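Novice: Sequence plus the predicted model coming up.
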Amino acid sequence: MKKNIAILGSTGSIGKQALEVISAFPSSFNVVSIAAKNEVEDIISQIKIFKPLLVSVASEEVKEKIAAAISRQITKIVVGEEGLMEAATHKGVNLVVAAIPGAFSLKAVMEAVKAKKDIALATKEVLVAAGDIFMEEAKKAGIKIFPIDSEHSAIAQCLLGEKVENIKKIIITASGGPFLNATPEKLAKVTAKDALGHPTWKMGPKITIDSASLMNKGFEVIEAHYLFGLDYSKIEVVIHPQSIVHSMVEFIDGSIKAQLGAPDMRIPIQLALFGMERKTNRWNTLDIIKTKSLTFEIPDMEKFPCLKYAYDAGRKGGTMPAVVNAVNEVSVNLFLKGQCSFLDIPARIKKTMEEHLLIEKPSIEQVINADKWGRAINL
């Protein structure tokens, strides 16, 4: 029986790669709904190829352009936040790929959980902003969460058949991004173009900037805390420029398990779509002989303070991670537009954390309000 899929963020990097995987296994998957923003040509192409029953877009203007181009299709087109909610909760869907960057999709993903849809999770902000609430709802609904991030997929693979109490620590690897060896003086002058030149991964602009600042890795620490139920003292980050070891788990007997593979996001996406069941690789594979060396080093949190701020926010909990995510998102957008410097990103985060009045056990509405507050004071 085919698995019925919703893809939130179908025109983004993860969304497009998820559709590649689905195309490679046509007998296994059916695309029921997709959600995108305003990439009209991509959306029209996806409708023609995958014939989803429902498509959510950003505006009426985008809807009209798409409707004119697919007049003979049986696809329903919906708009805005309500449309996104409809795409995520469509009655025919049993697995939702959450791949919209930022906090915009938080409500929709939460509603998908309540509707008992399994989640293939790429959107970091779901767990970063509302980890406690999301995991509680997931437990109530009895749904499964399959991590798409290569790091969390690696940890999940290393933990198969293992007991949580036997974990000494998990080790999340980071490429270090394009500025690993840059001096602080150089960091003060880097441009968005410099930051978008990631040495190993092809990703969207927002996550690529987060990788350059190591904020991406900080968010992954918070995600790992929730996904694997571990205290922050048991979650470590190491720099691994080759991006071959995707993460590791050290156990109490001193053994370390590591998951290695080619730096290709379609591999963890495929594993998530198949519910952690392994299928034949249609993508890049790792030639271990050609892998000359694997190196590891401790991240410099003075040069890349975003990682430290993420740990701090995670330990404080409550609304603090949502605020950090919000100010980071605003700051990254400003940096991409050339309206603030690279070093302004951590400076803004630190200042906003100091000003925020923490709510320790927030409701989802209070999380959303904290997100709005973090954005408003940084625009």
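Specialist: Thanks, I have it. All figures in this text were calculated on a predicted structure; none of them were measured in a lab. Numbering: from 1, shown residues only.
Novice: Low-confidence regions, the protein specifically.
Specialist: Applying pLDDT under 70 to the predicted model, the residue ranges of the chain that meet it are 201-202.
Novice: Farthest from the middle of it: give me that residue.
Specialist: Distance to the chain centre peaks in the chain at residue 72, reaching 34.9 Å (criterion: C-alpha atoms, centre = their mean).
Novice: Relative to residue 90, how far out is that one?
Specialist: Remark: distance between residue 72 and residue 90 (C-beta to C-beta, to the nearest Å) = 22 Å. All C-beta atoms are positioned from the backbone trio N, CA, C, and that covers glycine.
Novice: thinking again about what came up before, which SS class is the residue farthest from the centre of the chain?
Specialist: Secondary structure state of residue 72, per DSSP: H, G, I helix; E, B strand; the rest coil, is coil.
Novice: Residue 173 now?
Specialist: Three-state call for residue 173 (three-state DSSP): strand.
Novice: wouldn't it be in contact with residue 240 here?
Specialist: Yes. With contacts defined as C-beta atoms under 8 Å, residue 173 counts as touching residue 240 at a distance of 4.0 Å.
Novice: Mutual contacts of these two, please.
Specialist: A shared contact of residue 173 and residue 240, defined by C-beta atoms under 8 Å, 6 or more residues apart in numbering, is any residue touching both; here these are residue 296.
Novice: more neighbours, those two?
Specialist: Ranked by neighbour count (other C-beta atoms under 10 Å), residue 173 and residue 240 place residue 173 first, with 27 against 23.
Novice: so what's that one up against?
Specialist: Residue 173 makes contact with 151, 237, 238, 239, 240, 243, 245, 246, 247, 248, 296 under the criterion C-beta under 8 Å, 6+ apart.
Novice: Swap in 10 Å and give it another go.
Specialist: Taking C-beta atoms under 10 Å, 6 or more residues apart in numbering as the definition of contact, the neighbours of residue 173 are 150-151, 154, 217, 220, 236-248, 258-259, 294, 296.
Novice: Can you go through those and name the buried ones?
Specialist: Buried by 16 or more other C-beta atoms under 10 Å: 150-151, 154, 217, 220, 236-248, 258-259, out of those.
Novice: gap between the closest residue in space to residue 274 that isn't next to it in sequence and residue 112?
Specialist: Counting by C-beta to C-beta, 6 or more residues apart in numbering, residue 274 lies nearest to residue 28, which is 7.3 Å off, once chain neighbours are set aside. As judged by C-beta to C-beta, residue 28 and residue 112 stand 20 Å apart.
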